[in-house]
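Novice: Sequence and predicted structure, then a few things I'm wondering about:
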Amino acid sequence: MVTPVHSADSVRHTDRMWDATGSLRTAIDGLEFLEQLGHGTLPLDAFRFYIEQDRLYLAGYTKALAILASRAPDATTAAFWATSAASAVDEASLHEQLLSGSALPPSDARVEHSPTCLGYTSYLIATAATEPYPVAAAAILPCFWIYADVAARLAGAAQDVLARDPEHPYARWVSTYDSDEFRDIVSAARTLVDEAADGATEAQREAMVDAFVIATRYELSFWDTALHPMPWSHSRSAVAP
Ligand SMILES: Cc1ncc(C[n+]2csc(CCO)c2C)c(N)n1
C-alpha cells in the first residue's frame, strides 16, 4: 500500500512556495516600473517596450500551457490549462490592438526577444516539456498569482487615473487583473498546483518551490528591464551607432 506522505499536513504547498518568494515580492513591490504604471506616469516608450515583449512572452507561455495541458493527470485539469492557453492568445491580441492603435508611440522596428523574455519563455517551455508534471505546474503559477497580487496593490492608484482618463492604457492593465473573474482563475490554478503537490514525491515538492522561485525572478526582471533595459551584449541596440 502506498501511504500518502502529506495527509496530516494542513499547510498548502502553494503557501510554502509563496513564502519562499517573500524577498522577491518585496523587490517587485518596490519597482519603479509598477509605481509609475499605477500612477499613470510611466514613459510611453517603456510601456510600449513592455507590451512588445509581453506579446512575445504570451506566444511562449501559450505553448508552455498547451504542453502542460497535454501532461495533466485528468481531462478537467487539462481543460483548465488549455483554456488558460486560449486566454493568453486573447491577451496577445489585445496587445496587438494596443501596439497598432494611437495610444502608444508608433514603431515599425522588428522586435527581438529581450534576454529576460527569451530566458523566461524558454525556461517555461522546457520545464513544461521535460520536468515532472507537479514541477511544470509550479513554474506556470507565478504568471497568474504575481499578476493578481500586483494588480490588487496598484488598484487604488489606478482608480484615480481611470477617473481622470477612463481610456488610459495603464489603468486598464490594472483593472484587467484586479477583477473577481481573474481572482477566481488564480484560485483555481493554485488548487491544481496544490493537488499536484499532494501526489508528488518530497524531491518533486522541493523542485516545485525552486521552479516557483525561478519564475518569480523572471516576473521581477520582466518589469524591471522594461524601464531599465538590459540589451544583449554586442546587439545592434546595445552598440553606439
Ligand atoms: C510576463 C507576464 N507574466 C504574467 C502575465 C499575465 N498572464 C499572461 S497569460 C496569463 C494566464 C491566462 O490569462 C496571465 C495571467 C503577463 N501578461 N506577462
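Specialist: Thanks, I have the structure now. This structure is a prediction, so every number in the text was calculated from the model and none was measured.
Novice: Which parts of the protein are helices?
Specialist: Using DSSP state H, the helices of the chain run over 13-19, 22-29, 32-39, 44-71, 75-100, 115-130, 133-164, 169-177, 180-198, 202-227.
Novice: tell me, what residue is most central in this protein?
Specialist: Residue closest to the average C-alpha location in the chain (Cα atoms, centre = their mean): C143, at 2.4 Å.
Novice: Next one, pLDDT for that one please.
Specialist: At C143, the pLDDT value in this model is 98.
Novice: same deal with P115?
Specialist: Confidence score, pLDDT, at P115: 98.
Novice: how about the residues of this protein near the ligand?
Specialist: With Cβ under 6 Å from any ligand atom as the criterion, the chain comes near the ligand at residues 54, 57-58, 61, 84, 87-88, 91, 143-144, 147, 219, 222. Placement of C-beta: from N, CA and C, glycine included.
Novice: Let's see if you can find the most crowded of these.
Specialist: Counting neighbours by other Cβ atoms under 10 Å, Y57 leads these with 26 neighbours.
Novice: Buried residues, the helix-or-strand element of the chain with minimal mean pLDDT. List them.
Specialist: Within the chain, confidence by mean pLDDT, DSSP states H and E is lowest for helix 169-177 among all helices and strands, at a mean of 84. Going by neighbour count (16 or more other Cβ atoms under 10 Å), the buried part of helix 169-177 is 169-175, 177.
Novice: Next, format those residues as TSV and append distance to M17.
Specialist: As requested, these are exported to TSV (distance: Cβ to Cβ, whole Å):
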residue	distance to M17
P169	32
Y170	29
A171	30
R172	30
W173	25
V174	24
S175	27
Y177	20
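Novice: closest to T21 among those residues?
Specialist: For those, the minimum distance to T21 (Cβ to Cβ) is 17.7 Å, reached by Y177.
Novice: which residues touch the nearest residue to that closest one once chain neighbours are set aside?
Specialist: Nearest in space to Y177, with sequence neighbours left out and distances taken as Cβ to Cβ, 6 or more residues apart in numbering, is A151 at 3.4 Å. Neighbouring residues of A151 by Cβ atoms under 8 Å, 6 or more residues apart in numbering: 173-178, 182.
Novice: Also R16?
Specialist: Here R16 is in contact with V209 (Cβ under 8 Å, 6+ apart).
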